[in-house]
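Asker: Need a 3D model of the following:
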Amino acid sequence: LSMGANDAILITDPALAGSDALATSKVLAQAITAGGYDLVICGTESTDARMSVVPAMLSARLGWAQLTFASEVSVDPAASKVSITRTTEAGVDQISAQLPAVISVVEKINEPRYPSFKGIMAAKKKTIESKDLAAIGITAGGYDLVICGTESTDARMSVVPAMLSARLGWAQLTFASEVNVDPAASKVSITRTTEAGVDQISAQLPAVISVVEKINEPRYPSFKGIMAAKKKTIEFKDLAAIGITAESSWSEVKDATPRPPRAAGAKVTDDNGSGAEALVNFLAEKKLI
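Answerer: The predicted structure is shown next:
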């Protein structure tokens, strides 16, 4: 504010703790839509996750043009147009788009000026408006995409994603080796490799997807990420906190009958080359062939 901004909005909510790029872009898009802005300027990447995806997700959610990695920006209000210069390995690109638009700028775009004493004093009279999720029209916990592994490492049943989608009444996309999300169209698409070939499947959000082990190479946590994780909280909830009772969450077994012992099998020998015939006769007698 002391450097010239007119006002500021702080969106803070306990539900946002540990948010990923999908959640961050959704919250920002909601706040931007409510504010009636026509130009959003983002950095290239955050200093923690360093993914460089929020500007792209933001433009997709808003349905606005996207101009990325700008080293120079010029705005023509009369023509309602923004133009950028982008330096790449191939040379220098000159790109323009009609407003509204989302642009991301590189670190070297300018030399930030130091706030003046006058600006510092003026900033004391400005207010930072604080809003929670409810204030911008978002319900905490209103997820629209659930990503599961294919199976757990203990039971290895591979049924939780299917049961989850059935309980939620959401679309189910299974065994994904690649996932793409289109926030503007509220759609998720996956690639699934099977014995018959490669399937391309898509569904409207909300949806449940299960991913195979080889979908990516997990990155190692950085030292900065490890230190930042110490400040994050893990919220513990019991069944009552999420509105479930022990009686309603599973079926009680009233009675069980042990399985009867198996009958002894038959041993087929092949001493004189008659083993195959004896095996076939045995299976035919049991009406298995």
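Asker: tell me how far the ends of stretch 68-86 are from each other?
Answerer: One end of stretch 68-86 sits 8 Å from the other (C-alpha to C-alpha, to the nearest Å).
Asker: For it, give the mean pLDDT please.
Answerer: Here stretch 68-86 scores 92 as its mean pLDDT.
Asker: what's the answer for stretch 153-171, then?
Answerer: Mean per-residue pLDDT for stretch 153-171: 81.
Asker: Next, the buried residues of it.
Answerer: For stretch 153-171, burial by neighbour count (16 or more other C-beta atoms under 10 Å) applies to 160-161, 165, 170-171. To be clear about C-beta, it is placed using only N, CA and C from the backbone, and glycine gets the same treatment.
Asker: just for the protein, where's the confidence low?
Answerer: Within the chain, the ranges that satisfy pLDDT under 70 run 48-50, 140-142, 155-156, 246-251.
Asker: Tell me which stretches of it form strands.
Answerer: Taking DSSP state E as the criterion, the chain carries its strands at 8-11, 39-43, 65-70, 72-76, 81-88, 91-98, 101-105, 128-131, 145-149, 171-176, 178-182, 187-194, 197-204, 207-211.
Asker: I'd like these laid out as CSV, including distance to A31.
Answerer: Below are the strands of the chain laid out as CSV (distance: least, C-beta to C-beta, whole Å):
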stretch, distance to A31
strand 8-11, 6
strand 39-43, 10
strand 65-70, 18
strand 72-76, 21
strand 81-88, 20
strand 91-98, 22
strand 101-105, 13
strand 128-131, 7
strand 145-149, 20
strand 171-176, 28
strand 178-182, 20
strand 187-194, 23
strand 197-204, 24
strand 207-211, 25
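Asker: Look up how far L99 lies from A78.
Answerer: 11 Å (C-beta to C-beta, to the nearest Å).
Asker: what do you get for A171?
Answerer: Distance of A171 to L99, computed by C-beta to C-beta: 35 Å.
Asker: Over to V40?
Answerer: V40 is 10 Å from L99, where distance means C-beta to C-beta.
Asker: Kindly report the same for Y143.
Answerer: 32 Å.
Asker: what about those two, which has more around it?
Answerer: Shown here are Y143 and L99; by other C-beta atoms under 10 Å, L99 has more neighbours (16 against 13).
Asker: hang on, isn't the more buried one packed against D38?
Answerer: Yes - assessed by C-beta atoms under 8 Å, L99 is found in contact with D38 at 4.6 Å.
Asker: Can you work out which residues contact both of the two?
Answerer: Common neighbours of L99 and D38 (criterion: C-beta atoms under 8 Å, 6 or more residues apart in numbering): S80.
Asker: Now find how far off-centre the lengthiest helix in the chain is within its chain.
Answerer: Longest helix of the chain, by residue count under DSSP state H: helix 21-35. Centroid separation for helix 21-35 versus its chain: 15 Å, with C-alpha atoms, centre = their mean, to the nearest Å.
Asker: Same check on stretch 189-198?
Answerer: Computed by C-alpha atoms, centre = their mean, the separation of stretch 189-198 from the middle of its chain amounts to 21 Å.
Asker: next one: stretch 41-58
Answerer: 14 Å.
Asker: Identify all contacting residues around it.
Answerer: The contact list for stretch 41-58 (C-beta under 8 Å, 6+ apart) reads 20-22, 24-25, 28-29, 32, 40, 66, 68-69, 73, 102-107, 183, 224-225, 228.
Asker: Of the residues you listed, just the buried ones, ChimeraX syntax please.
Answerer: To isolate the buried ones among those in ChimeraX, judged by 16+ other C-beta under 10 Å, type:
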select :21,22,24,25,28,29,32,40,66,68,69,73,102,103,104,105,106,183
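Asker: quick one on the thing from earlier: out of the buried residues of stretch 153-171, who's nearest K214?
Answerer: Nearest to K214 out of those is P161 (C-beta to C-beta; 17.0 Å).
Asker: Spatially nearest residue to the closest one, not counting backbone neighbours?
Answerer: S210 (4.0 Å; C-beta to C-beta, 6 or more residues apart in numbering).
Asker: what about the one you found, how many neighbours?
Answerer: Using other C-beta under 10 Å, S210 is surrounded by 24 other residues.
Asker: got it, and the one 5 residues further on?
Answerer: The tally of other residues near I215 (other C-beta under 10 Å) stands at 18.
Asker: how close does it get to S80?
Answerer: Taken as C-beta to C-beta, the span from I215 to S80 is 42 Å.
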